[in-house]
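Asker: Below is the sequence, then the predicted model.
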Amino acid sequence: MLQGRLSLPQAALELGYRVRRGVEQRRERRMLDGLTSPPAALRTEFAQLTPLQLLSHFRERQKPLFFRGFSHQHETCKLQQSLFPEQGQQLLSIAEDVLKHHWCLLGFGTIDFGKEISWRRDPVSGREWPLDYHADTCLWHNDGSDIRVVWELNRMAHLVWLGRAFVLTSHERFAEEIVNQLDSWCAQNPLGRGPNWSCAMEVALRATNLLTAFLLFRDSALLNERELARLLAVLDQHGAHIKRNLEFSHLGASNHYLTDATGLLWLGILLPELEAASEWRSWALSELLREMDKQILDDGAHYEASTGYHCYVLQMLLYTFILSKENGIEIPHQYWQKLQLMLRYARAILRPDGLSPLIGDSDNGEFLPIRSHKADDHAHLLALGAVIFKDGCLKIPAAPCPEEVLWLLGSEGVGEYEALVANDSTQSQAFSAGGSYVLRSGDLYLLFNASGTGRNGRGSHGHNDALSLEVSACGRTFIVDPGSYVYTADLHQRQLFRSTAYHSTIQVLKVEQNTTNEDSPFRIGDEAHPRILLWQLGPNHDVVTAEHEGYERLSPRLRHRRRVILYKRERCWLVEDDLLGKGEQTISARFHFASNLEVRIFENNVFASDNGTAAKLFIYPMEAKVLPELEPQFNSRQYGAKTPSLSASWTLSVRMPAKLRWLLLPVCAGENAEERLTLAQQQVGNLEQ
């Protein structure tokens, strides 16, 4: 409030809310032991049933409805075998591995979890979290341990894979493993204690996966009266815990709070037998839509300045809207429109290789993963959206129908996807609210990032990446955002991956664009305030110009203004950096290359080449006469995994005002680089005149 970033009413509301949360947590702490023993609180008509009658009810009930592919299992199994035989075999192989307690987790590869899974232990570092009251849980130790890894295991997405394997094969060993793992989990995780209750979002994700697994194996002989009672009690406890520990803030909630509401909505829709179901459903739907108004910007981008979290939220909302529609729950038209805008945004920023740039944080988070996807693979969401909205702009040309369409929309969805004509658009597009500007023509793609740090300036998942670039051409990605790697396992690496020096932009005096602290991995300042000055499309070239003021706090002050011009006929980009101010400053101009490229320096130029495709990208500085350096850095396309990469850096002292220009020239296989350069320089010069 003293910094002017909060109004007095906002501060008062937040303070009042935190005081009430403290009171509620003290009450919960006192009553915790008594919360673990009661059975599920059922509505009167179901509480009066005998255990056998209740089991028969759940096996025979026709409503509520789940996704069509799950509901029509016989037809889905036949289509899985005929349309997706390879994916079906992969699923069964993964399920067999889960039976042996070893499977892939995030970017860490295959992990052996042992004969008895230790649910509170980080399987990578070996650290085990104690059974403290959940709010007392220490979330990070900076010793290589990572609670995000523990949480991923405890989301129990692998039980969904076991459930699908059971449906495809009818082999009871898959159902038996679900029952055994739930037994083991409950024994090690008493309600409200330990790391797996410390975050309501994680409880909500686990609840949706447990619900889905239950609906997949409810016909198993192993689901007896005792197991049903235990499962209902666990899910009832999950819902009540979420409601007691909502991750709300008057200062701006995040994807966490959206997930809390979504988890309660799913429990309310799919378990109407619970006494609290109606209340959860009504509250959660209202709150989810209210948060959509706050978190989804006018152009469809999510407001946390992260493409990874945009697609996580998109997946969650997309699945939830489908589920609501199946059950006759009306969602106002304007929210369906917002959902379509989210899909259009995800499609527009997609690179020519079909993958998404990883702007800001990305932790591989998925909502109800029918199958596991890498952090930059969001094409399955676009396929679902294309069918739901009958929108050919969302269908990627020549992309095969993904499994998710079958399992969520059934055979009708598969048929509609195949019949839908793709409307392939490769024109430049602007998303002013989200700060993403795509300059593209044919196979040329450049993403210009002018987003802030997210959450209305209170970002936690944004990076110091103002005016940075991603570049693809000739079927190859050349300049990339580095991704995230890890959060709390290594705070120094966390700091590096979100730093200015790891992004393709200008850095002054090794200072960050927005203030960060290595010991505060989810806080970032709001000094840069990027803003667009010009967005112009033309038949021969497209232009975007933006600036930020992150370095105006220095002495002497400096403002960075960057203009990017796409020359369509000449197939190149010109990047112009204006350094505005008075006096002298030392700056570094960097371009961060994708991994697995050969990067070389020739005189003061740099070029990167892909030996597989023979494609190259040349970077010609038109003013900077100093020799560049190749700095060893890393890229991360999966949480927990990183690969070596290089960044080309020109460091020089400039007297302001100053201008630096860079010609980015892609050369595809079979093209002559010298001829391309001569033609590009001539045409760029003529057009500038």
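Answerer: Done, it's in. All values reported here derive from a predicted model rather than from experimental measurement. Numbering: from 1, shown residues only.
Asker: so which helix or strand takes in the residue nearest to residue 116 when sequence neighbours are not counted?
Answerer: Computed as C-beta to C-beta, 6 or more residues apart in numbering, the closest residue to residue 116 that is not its neighbour in sequence is residue 184, at 6.6 Å. For the C-beta atoms, the positions are set from N, CA and C on the backbone; glycine is no exception. Applying DSSP states H and E as the criterion places residue 184 in helix 172-188.
Asker: Give me the helices and strands touching the next helix-or-strand element following that helix, please.
Answerer: Counting by DSSP H and E, the next helix or strand C-terminal to helix 172-188 is helix 200-217. Using 3 or more C-beta pairs under 8 Å, 6 or more residues apart in numbering; DSSP states H and E, the elements in contact with helix 200-217 are helix 68-71, helix 147-154, helix 157-169, helix 172-188, helix 225-244, helix 255-270.
Asker: 7 Å - rerun?
Answerer: Helix 200-217 sits against helix 147-154, helix 157-169, helix 172-188, helix 225-244, helix 255-270, with contacts defined as 3 or more C-beta pairs under 7 Å, 6 or more residues apart in numbering; DSSP states H and E.
Asker: low-scoring pLDDT stretches of this protein, where are they?
Answerer: 1-5, 34-37, 683-689 (pLDDT under 70).
Asker: got the buried residues for the helix holding residue 184?
Answerer: Buried residues in helix 172-188, defined by neighbour count with 16 or more other C-beta atoms under 10 Å: 174, 175, 176, 177, 178, 179, 181, 182, 185, 186, 188.
Asker: export those residues to TSV and tack on distance to residue 427?
Answerer: Below are the buried residues of helix 172-188 laid out as TSV (distance: C-beta to C-beta, whole Å):
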residue	distance to residue 427
174	48
175	51
176	54
177	50
178	48
179	53
181	49
182	51
185	50
186	54
188	54
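Asker: Of the residues you listed, just say which sits nearest to residue 339.
Answerer: residue 178 (31.7 Å; C-beta to C-beta).
Asker: Which secondary structure state does residue 117 sit in?
Answerer: coil (DSSP: H, G, I helix; E, B strand; the rest coil).
Asker: ok, now which ones touch it?
Answerer: By C-beta atoms under 7 Å, 6 or more residues apart in numbering, the contact list for residue 117 reads 101, 181, 184.
Asker: Could you rerun that using 8 Å?
Answerer: Going by C-beta atoms under 8 Å, 6 or more residues apart in numbering, residue 117 touches 101, 153, 181, 184, 185.
Asker: how much space between it and residue 104?
Answerer: 15 Å (C-beta to C-beta, to the nearest Å).
Asker: Ends of stretch 118-130, what's the gap?
Answerer: In stretch 118-130, first residue to last residue: 12 Å (C-alpha to C-alpha, to the nearest Å).
Asker: and what of stretch 65-76?
Answerer: 16 Å.
Asker: Can we start the residue count at 512 from this point?
Answerer: In the new numbering, first residue 512, that becomes stretch 576-587.
Asker: which residues are contacting that stretch?
Answerer: By C-beta under 8 Å, 6+ apart, the residues outside stretch 576-587 that reach it are 678, 723, 726-727, 781, 833-834, 837-838, 917-924.
Asker: Quick check, residue 885 in contact with residue 1150.
Answerer: No: at 9.8 Å, residue 885 does not count as touching residue 1150 under the criterion of C-beta atoms under 8 Å.
Asker: Between the two, which contacts overlap?
Answerer: residue 875.
Asker: These two - which one has more neighbours?
Answerer: residue 1150 (27 against 15; other C-beta atoms under 10 Å).
Asker: contacting residues around that one?
Answerer: Contacts of residue 1150 (C-beta under 8 Å, 6+ apart): 617, 618, 659, 873, 874, 875, 886, 995, 996, 997.
Asker: swap the cut-off to 6 Å and go again
Answerer: By C-beta atoms under 6 Å, 6 or more residues apart in numbering, the residues touching residue 1150 are 617, 618, 874, 875.
Asker: State whether the second one is indeed within a helix.
Answerer: It refers to residue 618. No: using three-state DSSP, the secondary structure at residue 618 is coil, not a helix.
Asker: So what's the residue count around it?
Answerer: 19.
Asker: wouldn't it be in contact with residue 1148 here?
Answerer: No: using C-beta atoms under 6 Å as the test, residue 618 is too far from residue 1148 to be in contact (7.8 Å).
Asker: Any idea how far the longest helix along the chain is from the middle of the chain?
Answerer: The residue-count maximum for a helix in the chain (DSSP state H) belongs to helix 519-546. Offset of helix 519-546 from its chain centre (C-alpha atoms, centre = their mean, to the nearest Å): 30 Å.
Asker: Pull out the buried residues from it.
Answerer: If you call a residue buried by 16+ other C-beta under 10 Å, then helix 519-546 has these buried ones: 525, 536, 539, 543.
Asker: With stretch 563-572 instead?
Answerer: 565, 566, 569.
Asker: secondary structure element for the last one?
Answerer: Remark: residue 569 resides in helix 562-571, with elements defined by DSSP H and E.
Asker: helices or strands up against the helix holding residue 695?
Answerer: helix 668-680, helix 711-728 (3 or more C-beta pairs under 6 Å, 6 or more residues apart in numbering; DSSP states H and E).
Asker: Just want the angle from the longest helix of the chain to helix 736-755.
Answerer: With axes from the mean of the first three to the mean of the last three C-alpha atoms, to 10 degrees defining the directions, helix 519-546 sits at 160 degrees from helix 736-755.
Asker: And the most centrally placed residue in the chain, how close does it get to residue 1147?
Answerer: For the chain, residue 819 is the residue whose C-alpha lies nearest the centre (C-alpha atoms, centre = their mean; 2.5 Å). Per C-beta to C-beta, residue 819 is found 11 Å from residue 1147.
Asker: cool, and residue 586?
Answerer: 40 Å.
Asker: same deal with residue 1095?
Answerer: Distance, residue 1095 to residue 1147, using C-beta to C-beta: 36 Å.
Asker: Neighbour count: those two, which is higher?
Answerer: Taking other C-beta under 10 Å, residue 1095 and residue 1147 do not tie; residue 1147 has more neighbours (23 against 11).
Asker: Give the full set of residues in contact with that one.
Answerer: By C-beta under 6 Å, 6+ apart, the neighbours of residue 1147 are 994, 995, 996, 1153.
Asker: Export these to CSV and append columns for secondary structure.
Answerer: Shown next, in CSV, are the contacts of residue 1147 (three-state DSSP):
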residue, secondary structure
994, coil
995, coil
996, coil
1153, strand
